[in-house]
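> for reference, the sequence and a predicted model appear below.
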Amino acid sequence: MKVKLGSVGKLHRRPESEPFFRLAKTAKQAMLVLSSMQPDADRRRKSRSKPDRVFRQSLESKISHSIAIARLFTMLLPVVTCGLQVGSVSAHVNTRAAYVHSLGSATAALPEAPLEGLSCSLTLNLVDATTLEPMPGLVRITAADGSVQTPAGLLSRGTGLPPSHASRDWSVVLGSATLSLPRARLTIEALSGLETEMTRRTVDVREKSSMNITLPLVRFHRAAKNGWRCGNTHLHLRSLTREQADQYLSSVSRADGLELVFVSYLSRADDDRTYISNTYTAHQLQRLSGDGVLFDFGEEHRHNFGSYGEGYGHVMFLNIKELIRPVSIGPGITGTGRDWPPMRRGIDQARHAGATVIWCHNTFGLEEVPNWIGGVLHAHNIFDGGNHGSYEDTFYRFMDIGLRVPFSTGTDWFIYDFSRVYVKVEEPLGVSPWLDGLEKGRTFITNGPLLEFSLGEHHPGDVVQLAAPGQLDISAQGVGRCDFQALEVVYNGRVVQSAPSRPVGGHFEAEINTPLRISAPGWVALRVKSKGTNELGAPLFGHTSAIYVEIAGKSSFKPAVARELIADMNEAMHTIREKATFANDKQAEEILNLYREGIASLGKRLKKQ
């Protein structure tokens, strides 16, 4: 088709005998048919000369035929108008608008709302974009008006969580599923774990009774290839049947890309009757393992003043063969007894049995400080049950006095977030080697960004021994599906290097490669700095465990931090005297002596400064 351009904005057309303009005329006629249907339908309803079934079939036939013609034209229109060029001059944008207007608002006549009473059987397949192998994942389906469709038969990712939780918008698909969806224009989003980009596709099923679509998921990272294996150290379930709990554990863990999940026992007066996670034994959890996920048994050992108030604290015992009793301590949570014994008794018993002991919930609990100073904890959880707390309170202050504190995390009640801890495992995944790596601090925690970090040849958990101040090369990388905004290298609590994230395809990356001057003993770690959230609505976080630096045999010790910790223990003793109930003075002294020992230990180190 030849086109002549006159002055800017004016298009001189060939006669309507040409195919393009005949198509425009046909589409216009199609829309006239659509507009004529309502009066026709009214006449039929009034006369009732034919059965309603015949009328409905006739109406659907007209709609289907007319929409097909109109859609064909609107698909061809962009191609044709893009070709209306001579040299560097293009047809004016108003020309296309004029054509659309001449059709009698054709696009407006295509109904965006679902066709009432009609559904489409849609088979959805999630596959690895490279291997084309099926992949478990999460899907979110939204209509043109923004409403989220929750197909019957799919497990809600937000099971057990409040109705307003963002995870309620997502459903679990274990590779393939056939869904009954309204006949509408739908947008389908899909992802798997933390290592794939999000795939998004809009489909129009208004004229379809069935459809089969495949969504390829693009991997941008494979942490396991570098020895990183992820797990959730803190999980309870409640108010589910055993069958529902089995399905939830196996399905959500696979869709989220979790490889090791500890399901833990928790005792609370009356309430624990609904704790379905308490019904699992270690053997039953091992039998549930499969499809790339290992399950193991744990216990939450705890004390509270009041039902949910702060008490001595909470710890996880992982890889235990039997429960350490009492599971819970004190009348606040058990409804009976005294605020005795101290948690230290249970911790010592668990360690003797070979358990890994992890402090829970950031700084929540009075025994946190004396137990870290006493050297009886293996790791520290942050953000397991919320996003309160800070790295400074939870980790930095202990590392600033020379302690080695492995970073860990979990989710507490249900898997409400992508929170997990990655552990470097040099051998095939198993519970014992994974926990061994956790205890050694070969970890990073995240709910989105995936991290790699080294100082020279050293990695998280290592100790660098220097004879004198010197220089080490930083190698740091971060990748993530959501924009984590920036990477930061932290040296003794101070940011010394940073780099912004940048989009790469459907994900984000950042890296830092630069020398670092080591002028004092201490620790160095990598973290992300982000104000963004992930797909489940949680604030993004990511932090490696530290690489520790000793110079001439000396580690970090900040006197001001030590004095703050001593003040915390004195305040804890005051709280215990006010709130705790004991059967006798001997019980009280056993509790208070833990704090006195911690204060004395730091006092000795302060005197050496």
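Ah, there it is. Numbers count the residues shown, from 1 in each chain.
> domain assignment for the protein?
Domains of the chain are assigned by automatic domain parsing as 4-109, 119-217, 222-446, 455-556, 560-607.
> where does pLDDT dip in the chain?
Scanning the chain for pLDDT under 70 picks out 1-117, 387-388.
> and with 80 instead?
Scanning the chain for pLDDT under 80 picks out 1-117, 386-389.
> centroid-nearest residue for it?
Residue closest to the mean C-alpha point of the chain, counted by C-alpha atoms, centre = their mean, is Phe418 at 2.5 Å.
> now that one: closest residue in space that isn't a chain neighbour?
Asn447 (4.4 Å; C-beta to C-beta, 6 or more residues apart in numbering). Glycine gets a C-beta too; all of them are placed from N, C-alpha and C.
> surely that neighbour and Tyr416 touch.
No. Between Asn447 and Tyr416 no contact is recorded; they are 10.1 Å apart, counting by C-beta atoms under 8 Å.
> which neighbouring elements make contact with the helix or strand hosting Gly346?
Assigned by DSSP states H and E, Gly346 falls within helix 343-352. Applying 3 or more C-beta pairs under 8 Å, 6 or more residues apart in numbering; DSSP states H and E, one finds that helix 343-352 makes contact with strand 294-303, strand 313-318, strand 356-359, helix 368-373.
> CSV please, covering the ones you listed and showing mean neighbour count.
CSV is the format used below for those (neighbours: other C-beta atoms under 10 Å):
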stretch, mean neighbour count
strand 294-303, 25
strand 313-318, 27
strand 356-359, 26
helix 368-373, 24
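> out of these, nearest to Asn226?
In terms of C-beta to C-beta, the element of these nearest to Asn226 is strand 294-303, at 19.3 Å.
> okay, the angle between that closest one and helix 343-352?
Inter-element angle recorded for strand 294-303 and helix 343-352: 150 degrees (by axes from the mean of the first three to the mean of the last three C-alpha atoms, to 10 degrees).
> sheet partners, orientation included, of strand 294-303?
strand 260-265 (parallel), strand 313-318 (antiparallel), strand 328-329 (parallel) (DSSP bridges).
> what pairs with Thr142 across the strands?
Going by DSSP bridges, Thr142 forms beta bridges with Val148, Thr187.
> so what's it up against?
Residues in contact with Thr142 (C-beta atoms under 8 Å, 6 or more residues apart in numbering) are 148-149, 186-187, 189.
> tell me which two of those sit farthest apart.
Farthest pair in the contacts of Thr142, by C-beta to C-beta: Gln149 and Glu189, 11.6 Å.
> anything in contact with each of those two?
141-142.
> how many residues are close by Gly437?
With neighbours defined by other C-beta atoms under 10 Å, the count for Gly437 comes to 24.
> tell me how far the nearest residue to it once chain neighbours are set aside lies from Phe383.
Leaving aside its chain neighbours, Gly437 sits nearest to Val423 (4.2 Å; criterion: C-beta to C-beta, 6+ apart). Going from Val423 to Phe383 by C-beta to C-beta, to the nearest Å gives 17 Å.
> please say which of these two ends up with more neighbours.
Per other C-beta under 10 Å, whichever of Val423 and Phe383 has more neighbours is Val423, with 31 against 23.
> helix/strand/coil for Ala245?
Following DSSP: H, G, I helix; E, B strand; the rest coil, Ala245 is assigned to helix.
> I'd guessed it sits against Ile276; true?
Yes. Ala245 is within contact range of Ile276, at 4.7 Å (criterion: C-beta under 8 Å).
> okay, these two: which has more neighbours?
Ala245 (21 against 18).
> so what's that one up against?
237, 276-277.
> could you redo the last one with a cut-off of 6 Å?
237, 276 (C-beta atoms under 6 Å, 6 or more residues apart in numbering).
> and the helices in the stretch 351-500 of the chain, which stretches?
When assigned using DSSP state H, counting those that start in this stretch, the helices of the stretch 351-500 of the chain occupy the ranges 368-373, 391, 397-399, 431-439.
> what is the burial count for Leu285?
With other C-beta under 10 Å as criterion, Leu285 counts 19.
> what about it, which SS state?
helix.
> for the nearest residue to Val561 once chain neighbours are set aside, what are its contacts?
Using C-beta to C-beta, 6+ apart and skipping the chain neighbours, the partner closest in space to Val561 is Asp400 (4.5 Å). Applying C-beta under 6 Å, 6+ apart, we find Asp400 in contact with 556, 558, 561.
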